[in-house]
Structure formats: structure tokens, C-alpha cells
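>>> Fold the following for me, if possible:
(chains A and B)
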Amino acid sequence: EAAVTQSPRNKVTVTGGNVTLSCRQTNSHNYMYWYRQDTGHGLRLIHYSYGAGNLQIGDVPDGYKATRTTQEDFFLLLELASPSQTSLYFCASSGGQGTNERLFFGHGTKLSVL
Amino acid sequence: QQKVQQSPESLIVPEGAMTSLNCTFSDSASQYFAWYRQHSGKAPKALMSIFSNGEKEEGRFTIHLNKASLHFSLHIRDSQPSDSALYLCALPNTGYQNFYFGKGTSLTVIP
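Coordinates of the predicted model:
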């Protein structure tokens, strides 16, 4: 079973604070994704990447930065956190078309911005 | 951008019932269609997928795809309490770099 590990599991910060969410995959997948999940909105894509050094903008990127440092590691950065960013964040990886199209998700990070 | 909509939003069925979940999409060129299941407090996990029109069965689960009507569905035969979860449909964009999810159907199976 493909493995995606997120840290931390839970995070509480204050408005204006800096937060970094980490994700590591050991699947040798090219694609990595950051989603947020909110009641009434479902899963929404923030940023994604198809390799080290690459970054693509998703559907709800405002207030978020991301960086893919290696094939395995993808980080999500909130530099001035706001209460609207309180959410459940999921990282995922996939092999892409023709290899393994399924998304494999991490267990999620619950972020609260007070 | 692909538009994905699911119905119903929530569903309560008795154990043993047939459950049907629906997903509509906007891009007729879509080539891959997937269902994910998310148990409470857990990560979404791929359940089934289909590439071409028709039907695909795996155990108690069946996917129906009708590209012409921009609709695909998931049917659960003999629903079990362990099937209680949030069900998400998902489609990729043309290059498979990005996946669009519906908002989900919350299924509760009553013993």
C-alpha cells in the first residue's frame, strides 16, 4: 500500500502566525497535491506539483505557498494565517496518467487559526 | 474547469438495502472516473474507478458510466453498517495533473 505521511496531525496557531505543513510520500510518485476539506465545500485543491522544484496553482491558492523540495517532500506554507484557513488539510500523491491514476492520501492535518 | 456535482447530499438506508449514489460532470471528454470513500476521521481512499462507458462490478460495489448523459453512479448491494462513510466522486483534468471532487454523499447504514 502506497504511503503518504503528514505532520503535524493537529496544529493550533493565532491569526498572523506562520505555519508549515509537511508531507512525505514513499511511493515514487511524480504528482503531489495539497487539498483542504471543509463542510459544504468538499475537497478543494490548493497547490500541486509534478516533480522536485515544480509548483502548480490549484483552485484556492490565495494565502498559501507551497514548495516541493524533493521527489518525496511537499510543504504547504501559511505565512500570515487567518481564521478562514481553519480546515482539515490533506496531502496526496499519484503516479499520473498511464501509471497509477489513483490518489493516495495522507491522514490529514487539522489546523485551527484562532 | 470540470464541474462535478453529487446527489443526494446525505442518505440513510437500512442494512441489506441497495444504495445508489450519483455524480454528474461537465466535460464530455473525461476519460477516468473514480469513487473514493472516507470513513469518519480518516483519509479518503480510492474505492473503484472506470475508464469506458458501461458497468464495472467489484464485490458488492458497481459503477455505471454514461458519458453521453455526463453521469456516473455507484451502487452498493446489501449495504452494511461498515459502508457508512462519505463517498466522493472524482475526475481528472485532461492531463491527469489535477483531480476535481464532488462535495460528497454522506451515507449512513442503520443496523
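
>>> Give me the contacts around stretch A:87-94.
For stretch A:87-94, the external contacting residues (Cβ atoms under 8 Å, 6 or more residues apart in numbering or on different chains) are A:2, A:4, A:6, A:21, A:23, A:25, A:27, A:29-38, A:43, A:46, A:74, A:76, A:100-106, A:108-111, B:43-44, B:96, B:99. All C-beta atoms are positioned from the backbone trio N, CA, C, and that covers glycine.

>>> Figure out how far it is from the centre of its chain.
Relative to its chain's centre, stretch A:87-94 lies at 5 Å (Cα atoms, centre = their mean, to the nearest Å).

>>> ok, now stretch B:8-20?
13 Å.

>>> what comes up buried for it?
By 16 or more other Cβ atoms under 10 Å in any protein chain shown, the buried positions in stretch B:8-20 come out as B:Leu11, B:Val13, B:Thr19, B:Ser20.

>>> Determine which two of those are furthest apart.
B:Val13 and B:Ser20 (9.6 Å; Cβ to Cβ).

>>> Closest to the centroid, which residue in chain A?
Closest to where the C-alpha atoms of chain A average out (Cα atoms, centre = their mean) is A:Trp34, at 2.6 Å.

>>> wait, it sits on A:Ile46?
Yes - using Cβ atoms under 8 Å, A:Trp34 is in contact with A:Ile46, at 4.4 Å.

>>> Enumerate the residues of chain A near chain B.
A:31, A:33, A:35, A:40-45, A:48, A:50, A:56, A:58-59, A:90, A:94, A:96-97, A:101-108 (Cβ under 8 Å from any Cβ of the partner chain).

>>> List only buried entries from these.
Buried among the residues of chain A next to chain B (16+ other Cβ under 10 Å): A:31, A:33, A:35, A:42-45, A:48, A:50, A:56, A:58, A:90, A:94, A:96, A:101-106, A:108.

>>> what residues are up against residue 56?
Using chain A here. So A:Gln56 contacts A:His47, A:Tyr48, A:Ser49, A:Tyr50, B:Gln97, B:Asn98 (Cβ under 8 Å, 6+ apart).

>>> my question was about chain B
B:Met48, B:Ile50, B:Thr62, B:Ile63, B:Leu65.

>>> Which single one of the residues you listed is nearest to chain A?
B:Met48 (10.1 Å; Cβ to the nearest Cβ).

>>> if we can go back for a sec, name the residues linked to the residue nearest to the centre of chain A by a beta bridge.
Per DSSP bridges, the residues bridged to A:Trp34 are A:His47, A:Cys91.

>>> Give the full set of residues in contact with it.
Counted by Cβ under 8 Å, 6+ apart, A:Trp34 has contacts A:21, A:23, A:45-48, A:58, A:64, A:66, A:74, A:76, A:89-91.

>>> which one is A:Pro44 nearest to, not counting chain neighbours?
Check again: residue A:44 is Arg, not Pro. Excluding the flanking residues, the one nearest A:Arg44 by Cβ to Cβ, 6 or more residues apart in numbering or on different chains is A:Val60, at 4.8 Å.
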